[in-house]
Each structure stands twice: as structure tokens, then as C-alpha cells.
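A predicted structure for the sequence below; I have some questions about it.
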Amino acid sequence: MIKIKNISKSFGDKKVLQGINAEFEKGKTNLIIGSSGTGKSVLLKCIVGLITPDEGRVYYNLRNFTEADKDMKSEIRREIGMLFQGGALFDSKNVQENIMFPLDVLTKMTADEKLDRVNDCLKRVGLENINNKRVSEISGGMKKRVGIARAIVNNPNYLFCDEPNSGLDPQTSILIDELIHEITHELDITTIVVTHDMNSVMGIGEKIIFLYQGQKLWEGHHEEITHSGVPELDDFVFANKVMSKMRNSL
Amino acid sequence: MSGFGRYVIFLGSLFVRRESFKTYYKLVLEECIQIGVNSIFLFMLVSTFIGAVTTVQTAFNMVNPLIPRFVISQVVREMTVLELAPTVMALIYAGKIGSSMAGGIGTMRITEQIDALEVMGINSSSYLVLPKIIASMLMYPLLVIFSGVCSLVGGYVVGTAIHLVTPTEFIAGLRFGFNPTEISVALIKGVVFAFLISSISSFKGYFTKGGALEVGIATTEAVTASVIAILLMDYFLVNILLS
């Protein structure tokens, strides 16, 4: 479980996050949603420690991450897997080396054990026999899947995904969503996904937090989202024509 | 001054939360190949031609028949050992390797590859930069020696081929009044310049913000700052080591 208390962050005069409190539950796909520029990615980066919040604390299973020393932070981070928006795969390495990288640096596994683990992860994300492909040789969707494989290779307790669907076609987006959702349940981990894709929200959002202008306006389950009673959330949810028609038919 | 302060803090960050020796050993070897082996051709080309041109120009300016011809190679030697091999080649090294380091690390920054390392609990600055600095400090002095040899060979081949100086005179000039301390000075310069180029370039790349345009700017700044640092440090080192 991850708990955040009173997280605030400003860049210059601009308040990006204002007193965010939330709890992200284990074994569930937790979503942070909101329009572009509402501070979703900043919140995610505050949670993983890539950005230090001005105020507030982040707890990983009651361990205070924000005020932890460097060794403690390093230890917690080794329990984290993260899928970045652009994949963030290392250009200088091939697919196998990318996925194996956390094992090379963080574990003392033998070469055979590492290779078995890499192949297991590749199989899990539906990619086999692409071990020796360069990152530049694979498609955007494959990059995301390789990114997921790298994120789970070290059996993380926490999985973070920053806009996993960006730049993907609708079918591939659904595949990626389902993959993240299935992995969360299989490994019984705490997953946080940042997205503004309503397909993801309706498909996998077991717990959803809605951000608006740096503030948390609503939280709940995807089944509750269409009748939240929050005008800003309604504007976000029913922004596209299909959803708008759905609202009118309700 | 704040930039210099950040640079010092950045250097300090290279030595905390390090990875295992085995990890660095592999990375340093890879960087040595990237930095050293891949620079050999350019260093050979530039040094050989500068050695040859210096021989021709020195001979052209020696109009006094009372000055012995072996002075030509003596001038080439002094120029090569004290300035060409360590300093002029450092400027070229900054252009080739420094820009590559800044561009590579800058691209890793804007594509979130550095964030990915940090999230894994790896000290990204130490993991990415320390091997580059160590490899530079190991390989650049070797390139200085190689460059010096190429320059003298270039001078010898051209000088004797077009009869500006005889082989015996050229060798005699190389030996005449030779002070071995100059080699030490060249190598010390090499180590210091390698450190400056690799650390400044990595620093500029590491703190890149934005997109492709900013990577280009960081690369240019890296080369400019490295060149200024080399020239200033050259002046100080010569004053300290040769006074």
C-alpha cells in the first residue's frame, strides 16, 4: 500500500499540486486521472522520488519515503518497477539487455537464471524471440511491452505507469491496459497508472483519483465515475461524443 | 558561480551510492574502447599532418645558414611534446568525445532513461559519468603519447622526403637538449585535461532540460566550456610545472 499525505509542489509561482491526500491499495489498479497539465505526472514523480515535494510525505507500507535517507530510498526504489511514457528503454542495449539490466545491477543471479527470467517476462508480455532486436527496430506498442517486462523483471512490490497508452492505437492501448491489470492481480502488487484515456478509466480503474488544477476533487471506482456529481469530472469524463451520448441516454 | 557550485556538487555525487566494482569495470572497458580506440584514426591523422606541416614551416623560416638544420626537428619536438600532443589534441578531443558525451547523456535525460535508472535505485550520475571520467583519464594520456609519436613521424617522413633535413640531423635534433621532464608535463596535462573534458561535458549533458534543441545547446556549451577550461588550465599548469 502507498499512502500520500498533504503533497504540495510549486514550480516558481505556479502551484502544481495542492495538499493531495490519497491511499493506493495493494492488488488494485489505481488510476490518477485528469486533463493535461493538472499535475498527474508531477504527482507520480513525487511518489517515486524523482521530484521532491515542497510539503507532504509519501509512505510505502508505512515506511516514510520522503524523509528516508539515501540508502533507505535506494532500498525502497529497488522494490519499484516503472513504465515511462516513452518507454525509456536504453538505446545502447538490445531488448534482452534492457530487460536484464535491473537483474545485472541489482541481483547476484547467474547468467542462466537471468536469461530464464528475461524470457519468462517476455513471454508474459506476449513478446518472444525478439531478444536480440535493437530498441530502434521495434514498434511503439512493443516498446511499451518491453518497458513493462523490464518493470516487472525484478518482482516489484509497486508498479508505476506514466501514460502507458500515449501514442498507441486503441487496440494496442487496450492490450497494454489489460496486461497491466492482469500483472497487478497476478503479482498482488500496488499499481498506480497515470492516464487521461477514458478507455483505461472504464476498463481497469479499480480505484480512481481525479485531479483538477493541482487538487484532488474526487476518488472512487470506475462504476461510480459517471454519476460523481462533480462538474469538473463530468466535463472530463463526457468530453468525447460517445461518452456524451451515453450520458444523455442515462 | 552557482554553475561552478553545481558542478562541484555533481562531482561529489559521483562517489556516493556506487555500484559494484564489477559493474564499473565492465563500463570502464566499454568506455575505453569508445573513447580510445575510436579516436585513434582522427588523432593519427591530425598529429601526423601537424607534425609534417610544422617541419616544413620551421624549415621555411630558417633562413640563417648559421643555424644548424637539426634545430628544425628540435622545434618540432618541443612544439609536439609541450603543446600539440596534450593541448591542441585536447581541443579536438573535446570536440569529438566531449560533444558525444554531452549529447549522449543529454538524450538519455530528455528520454527519461536517467529517470529510469534513478527509479531502479541506481545513482545515475555515478553509473553513467564515473566510468566516462575514469576511461578518459586512462585513455587520453595514451592518446597523447600516440599523438606525439605520430607528429614526430610525420615531421620525419616529410622533412627527409623533400630534403629539408637529413635523417641523421632529424634524429640528432630530437635528442639535442631533450629534457625528459617535458614528457611528464605532457602526461600530467593529459590527465587533467581528460578529467576536465569528460566531467564538464557529462555535467552539461546530465542537466539538460527540454528537447532535442536543448541537447544541441548543451553539446555546444560542453565543448565551449571544455575549451575554455583547457586553455586556462594549460596556462596554470605550464606556470606551475615548468617554472
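Looks like it arrived, so ask away. Owing to the predicted nature of the structure, the values given are computational and were not obtained by experimental measurement.

can you tell me the SS state at residue A:132?
coil (DSSP: H, G, I helix; E, B strand; the rest coil).

the residue nearest to it when sequence neighbours are not counted and residue A:131, how far apart?
Nearest non-adjacent residue to residue A:132, counting by CB to CB, 6 or more residues apart in numbering or on different chains: residue A:94, 5.4 Å away. Where C-beta positions appear, they are placed from N, C-alpha and C, glycine not excepted. For residue A:94, the distance to residue A:131 equals 7 Å [CB to CB, to the nearest Å].

so for the closest residue to chain A within chain B, what's the nearest residue that isn't a sequence neighbour?
The nearest approach of chain B to chain A comes at residue B:121, 3.6 Å away (CB to the nearest CB). Distances taken as CB to CB, 6+ apart place residue A:77 nearest to residue B:121, at 3.6 Å, with adjacent residues excluded.

that neighbour: how many residues sit nearby?
21 (other CB atoms under 10 Å in any protein chain shown).

residues in contact with it?
A:48, A:49, B:118, B:119, B:120, B:121 (CB atoms under 8 Å, 6 or more residues apart in numbering or on different chains).

contact partners of stretch A:25-35?
With CB under 8 Å, 6+ apart, stretch A:25-35 has contacts from A:1, A:24, A:40, A:43-44, A:180-181, A:184-185, A:188-196, A:200-201, A:204-212, A:236.

give me the mean pLDDT for the one helix or strand residue A:172 maps to.
Using DSSP states H and E, residue A:172 maps to helix A:170-187. For helix A:170-187, mean pLDDT is 88.

following element in sequence after that helix, please.
Next along from helix A:170-187, by DSSP H and E: strand A:190-195.

and that next one, what does it pack onto?
Packing contacts for strand A:190-195, counted by 3 or more CB pairs under 8 Å, 6 or more residues apart in numbering or on different chains; DSSP states H and E, involve strand A:29-33, helix A:40-48, strand A:158-162, helix A:170-187, helix A:198-204.

look up the pLDDT of whichever residue of chain A sits closest to chain B for me, please.
Minimum separation of chain A from chain B (CB to the nearest CB) falls at residue A:77, amounting to 3.6 Å. We have a pLDDT of 87 for residue A:77.

contact residues of chain A facing chain B?
A:45, A:48-50, A:70-71, A:73-78, A:80, A:82, A:84-86, A:88-91, A:101-102, A:104-106, A:160 (CB under 8 Å from any CB of the partner chain).

buried among the residues you listed? Make that a ChimeraX selection.
Listed next is the ChimeraX selection for buried residues among the residues of chain A next to chain B, using 16 or more other CB atoms under 10 Å in any protein chain shown:
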select /A:45,48,49,50,73,74,76,77,78,80,82,84,85,86,88,89,90,101,102,104,105,106,160
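
out of the residues of chain A next to chain B, which are inside helices?
A:45, A:48, A:70-71, A:73-77, A:101-102, A:104-106 (DSSP state H).

didn't residue B:143 look like it was pressed against residue B:42?
No - between residue B:143 and residue B:42 there is no contact under CB atoms under 8 Å: 9.6 Å.

contact partners for residue 177?
I'll assume chain A. A:164, A:165, A:199, A:200, A:203, A:204.

not quite, I wanted chain B
Per CB under 8 Å, 6+ apart, neighbours of residue B:177: residue B:74.
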